[in-house]
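**Q** need coordinates for the below:
(chains A and B)
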Amino acid sequence: MATHPQQNLYSQLEHLQTKYVGTGHPDISRHDWCTNMARDSIATYLGHRSLLTLFATVEGESNGRIRYHLLEKLHSPYGQSEEPVLSKKERLTQW
Amino acid sequence: MFLYNLTLQRPSAIYFSVHGSFSAPRAIELVLGRQTSLELVRPDEQGHLKSLCFQEIYGIIRSLKAFRLTGAKRDYLLIGSDSGKITVLLYNPSTYCFERVHIETFGKSGCRRIVPGEYLATDPKGRACMIGAIEKQKFVYVFNRDALENLTISSPLEAHKSSFICNDIIGLDVGFENPIFAALERAYDPPESPKTLVFYELDLGLNHVVRKLATPVEADAYKVLPVPGGRDGPGGVIVCSLQHIRYKTLQNNLPDYICSIPLREKNISPTERGNLVVAFALHRQKGLFFYLLCTELGDLFKLEMDCTTIEEEEEGSDIVMKEMRIRYLDSLPCPVNDMCILRNGFLFVASEYGNHGFYQFRSLGREQDFCCVGVEDSKWSNEPVYFSLHNNLENLLLIEEIESLAPLTCWQIGDFYGEGSPQIVVGSGRRHRGSWKTLRLGYRWTEMAVSELPGYPVGVFTVREQQQDSYDSYIIVSFVNASLVLSVGETVEEVSDSGFSTFVSTIFVQLFSNNSIVQVHAQGIRHIRPDLQTVHEWKPPKGLFIQVADGNASQLVIILNSKQLLYFELDETGMLTEIQEVELIQDQSYESSSFLPCVSIAPLVAGQSKASFVAVSDGISYYTRLYSLKKESCLKPISLQALDTVANSVLLIGLSAPASSRSELVLLIGSHSGIYIRALVDPITGALSEQQSRLVGTQPVRLQRIEIQGKPVALVVSSRSYLVYLDNHLLLQTLPIGYDWVFDHVVGFCSEQCPDGVIACCGSSLCILSFEEDRDLFQTTHLFHSDTQPSLYTPRRLVDREDILSSSITNYTRNRILTLECDQQIVISPQDIVSHSSSLRQTGYPLGPIGSWSCAIQQMTFMDNQFPNHEDPVESTSCRWQQKCEIYNSETKEYISSICCIRFSHDSSSLYLCVGVVMDYALQVTNPLEKNPTKDNIDIQRESIVFPRSEIRVYRWNETQWEYIHTTPIQDASSHRMEWNYDYGASHLSFHAASRYRNEIITTMASFQGHLLVAVGTSLRMYDLGKKQLLKKTQHPRATPHKITCIETCYDRIFLSDVQESVFLYRYSAADNLFLCIADDYLPKWCTTMCLLDYDTVAIGDKMGNISILRLPPEAGTFIEQDPTGGLLSKEAPHHFQLEACYYVGSVIQCLSKVEWTTGDVPLLFYGTLDGAIGVMIPLRSTLDMELFQALELQLREYRSPLCGRHHLAYRSYFFPVRHVIDGDLCEEFYRLSLEQQEKIVKELDRSIVDVHRKLEDYRERSPHHHPPNEAQWRKQHGGGDKASKTSSLWVFQ
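**A** Sure, this is the predicted structure:
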């Protein structure tokens, strides 16, 4: 029995979601999206050693300490709350 | 606009170091990994590090490991990079390059979260490696050998675990059992999941990886160290966490051991912060192993483990750990990025800031040194342990320092010392290792000795006694009617029994291959036999005398005053016999000339008994001729080179590079007008090719062959001196010498104390100069030498005080510069620093709480460049600037964010200094709200936060010091609003400040039409000087969306760079007193620095490492001029910048400057990166050049494809597509190709090899590589007006 093309598409998408961590989907929550973005950014900072040095120079810490903090931060860069920390309205008022 | 990028100074930050034997079995070598390049170095017997190879990999190195197959003698190098590939390299000693052995693709390119490359671990027996990503993915590759003993690599074995963060990976030492890798992991879910240590076992038989065991460890664990196992040690791992280290054994029945990491006594930061181990080095030899641990403050601990062997009945013996100790060794000046212990007892330290160190062990920890013993898991208490610091190194000995510019924070380029060519003053380093360095182009000499002579010498010569001698034996100084013979030994003293005639003026001295010496003087040739007693004299015909002579080990050429050239050879009996003579001037009616002829004979090539060519210039005609010395065509002219004037000196020299067998015979001609010409000589036919001429000075050019590091180098002496040599990349280089002294005569000199030296005469004094040893001449990209002046704190800003005045002040010397230095978490006054400078520079400043600041503004005055006094040797390290005036900030809660020198339109006669001060400002990695930032506790914490306030302090210069005038508080019109910055990067990526409260902080200031522009967070304000405070004239509340980082002004235009959103162009409309936005950029860029190129164009550098050039479209310019509304109606920016050029450099861009390095030449765009690299962008001359280079790049991407498998084009387009920039570093790799490959490429390009070489050299020389003297400078020195016109005409020639 042939599967429904729509169903096939979904399963493919699902497969991609699990394969490529951080790929978004239409129903992604704000918190998830932010977390993914922050994790990707942190990965970049850790990979480019000169960016790590920049942070260390700015803050007066050692590269190792910054690296440690970033890796710790990777776990939950936006906290655990599923709710957004600041509401959209709050963000808009800042502009 | 097309640009050509060249790196002038390589990055000096080293992030990785691995040791091993790469070039040969048992060789002790180090591979230094920089962000984008690899270098192989080897320490020599004295402990000096010599570079063997340097390779740009055109990719980002993220991890580096060496491994060796069981039983093999050499190490392979393993690289985890951003290419999504794992690379195995092997060093090829014959090509001086690392070559790819295997390259295996496993993922996408880029530094991504789940693409492996960040962690690399190898099995100690070289059987497998694991490459891991920060999250989820891990691959294991199995290494093996095929029948031909070649390395084979398996297909990857997956060991993924999704939703797991990986903190570290190591390869356990398990002897020859199945390889085990240990990873420190933490799951995303559930949120409170602990960190676990996971063991992955590679089953070699079944060829798969199993996640064998996961044991929970401390929540703050961050690093794992492997412990030697098998027959060498107990095996297992050491897990580092903030407070302590834990030894975990693999044997189930044994307990863990815990040892506290000692803290500094003086350290006042909270103890829960702990002491982070940033790097470790493991030393193992038979029966002994220990670790060195370096903490974040630079303290070096030795971790010792005592083991005993327990005999077990079934399984044989087992090694068990008995006791472990942490012993304090010494304190390094700064934390390290990586370190390694070499087999011969040296320690290499790649410093985070300041110079890298190469140390030797004096002892491995003494009894009296602090020691902390580890205890069993259950007995450990949380009490912090303190140790007392060593103020000096006690167990280590510093052998050598490798100079580092990293982190380079700021610079100014200009001729501050009035030397005729610009210097770069850079701020580099951090904290107690911060310094201001003056970089000068060229090679530096040091004066070894100076002595006065009884008269004015007319020549100086050095000669060895025996061919096999390695050092010179005699120095002969020739006067008008006598010669002085000095013998070189322990001391240099006059001798009379040398066999040389001292009653004649010596013209030439040469040692022959049979160890006889010839001394040529005007009246004849004295041929002194090896016994020094028998002397044969040859005399010229009556009425004639010898004018010049030259020779090599078997040949001699003299020219008589009748313009006859006589050629002598050393025959089999060891006698000098005349072979041939030739009339240089065919028709006899030549006019007598005041210029001497000059002659140079080609040097002997190894294996040849005679050289084939002699170059002669007769001193009358403008030609230099090359004559053959071959038997069949003796003294027949072969080729001809014309000059614009009479030659002063000719030199035939065989140049070769240390790292290459290729040798080039080069003809150099120096003219009386200060021009030198260089041409390649075909070694067979003698045809000249690739002629290049250039102006090197304003005095007749003299050429001399000298030796540096055993390689021939031509010294070109005029009013400036240059070295011409072939570098390791086979590039013919011309490097100026940083020694401002016009030599009359100069000759190469080699003695025990001074292996690479010269003897120079200047007036009546003789001086011995030596090359600086710590720099390798033959490495292309180290063109600068530096003078260092230590700073108090981390250098942050340099403000050229005179740049505003430059129009009114003609005398550019005695320039002043203002420096800003500041540091967070430091509370130490400048007075304390000065009084305890030596111990503080070793151990660092005591730390204060977060939010405390130490800042200093100093004014430096550059002293006049004085010519060295003969009696008083110049200190090579003396930095000729003086501190004159300082503003120290004693208030530790205040942070000086920016300074600006300005002349207000009200009072343009006096100079004002505006200082932007921020109070109650804390800058920290950990956000105070970081732990659980839920909606509830934000409000609570909001109350407790003290918001930072800013103010501007104004000082006036009263000709002796800065006088305080008044202070203006900065008030934000809007109420205090906390800016909750979600993106971690946004709070970080600004250089001055990671701003959580951005509306209150002064970021930068600039002078604009006699007013002060102040950037306060996102707003731009304009102030004028008032009696009691600054008066706010106008403001734009949100000039840029996030934060202004730089302001550049040009007439009525203001360019603002945003921390995140690229550049905004504003126009100040005086009629409306408003800032009007004209243009913005399409693409986001995290700007760090900006440099105005012209009225419409701006170059920006960003944190990601891109340099972009943005230009306002021409129609926009005219539209703005004609817009009747003046742009008032448009809300958004009506125009957009066009991207003219874009290029990825590979490291954070810190400085950009447009500099006219040579007066009257095209301005060049200089950039400096945080890693300490200095590069230049040269505008391409024509589209033809651009097409040639683009085609060359295309070919080279194929022939010299990047080592780690990153595509070159993709690398240079890392964040934005590369546009209109040619990668000169890649183009210069053309020289490294074999001749066949070069031929293939030029066939594609439809050019000749010579064409391509010439083009490359042309652009290399357009970089600040060679600098003709400044005309004004020349006039100042010589006070002559008539000769100056001559120099200007030479420009036309050039």
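**Q** what segments of the chain are helices?
**A** The chain I'm using is chain A. Along chain A, the segments classed as helices by DSSP state H run A:5-19, A:30-47, A:49-59, A:63-73, A:88-94.
**Q** to clarify, I was referring to chain B.
**A** B:830-835, B:837-843, B:935-944, B:1114-1122, B:1183-1199, B:1208-1212, B:1224-1227, B:1235-1245, B:1249-1262, B:1271-1278, B:1282-1293.
**Q** ok, of those helices, where does mean pLDDT dip lowest?
**A** Sorting the helices of chain B by mean pLDDT places helix B:1282-1293 lowest, at a mean of 27.
**Q** circling back: okay if I get the helices of chain A as a markdown table plus mean neighbour count, mean pLDDT and distance to B:Ser562?
**A** Quick note: C-beta positions are derived from backbone N, CA and C, even for glycine. Listed next are the helices of chain A as a markdown table, based on neighbours: other C-beta atoms under 10 Å in any protein chain shown; pLDDT from 0 to 100; distance: least, C-beta to C-beta, whole Å:
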| stretch | mean neighbour count | mean pLDDT | distance to B:Ser562 |
| --- | --- | --- | --- |
| helix A:5-19 | 11 | 79 | 90 |
| helix A:30-47 | 19 | 87 | 75 |
| helix A:49-59 | 24 | 89 | 68 |
| helix A:63-73 | 21 | 89 | 74 |
| helix A:88-94 | 10 | 50 | 93 |
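**Q** any chance of JSON lines for the ones you listed, columns distance to B:Leu1235?
**A** Listed next are the helices of chain A as JSON lines, based on distance: least, C-beta to C-beta, whole Å:
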{"stretch": "helix A:5-19", "distance to B:Leu1235": "48"}
{"stretch": "helix A:30-47", "distance to B:Leu1235": "39"}
{"stretch": "helix A:49-59", "distance to B:Leu1235": "37"}
{"stretch": "helix A:63-73", "distance to B:Leu1235": "44"}
{"stretch": "helix A:88-94", "distance to B:Leu1235": "64"}
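**Q** quick check, the residue in the stretch 51-200 of chain B closest to chain A?
**A** B:Cys111 (2.5 Å; C-beta to the nearest C-beta).
**Q** burial count for that residue?
**A** A count of nearby residues for B:Cys111, using other C-beta atoms under 10 Å in any protein chain shown, gives 23.
**Q** one more: B:Cys1142?
**A** Neighbours around B:Cys1142, by other C-beta under 10 Å: 21.
**Q** B:Tyr1199 too?
**A** 15.
**Q** so what's it up against?
**A** The neighbours of B:Tyr1199, taking C-beta atoms under 8 Å, 6 or more residues apart in numbering or on different chains as the test, are B:Leu1233, B:Gln1237, B:Lys1240, B:Ile1241.
**Q** quick check: bridge partners of the residue nearest to B:Gly1224 when sequence neighbours are not counted?
**A** Once flanking residues are discounted, B:Gly1224 sits nearest to B:Leu6: 4.1 Å by C-beta to C-beta, 6 or more residues apart in numbering or on different chains. Residues in a beta bridge with B:Leu6, per DSSP bridges, are B:Val1176.
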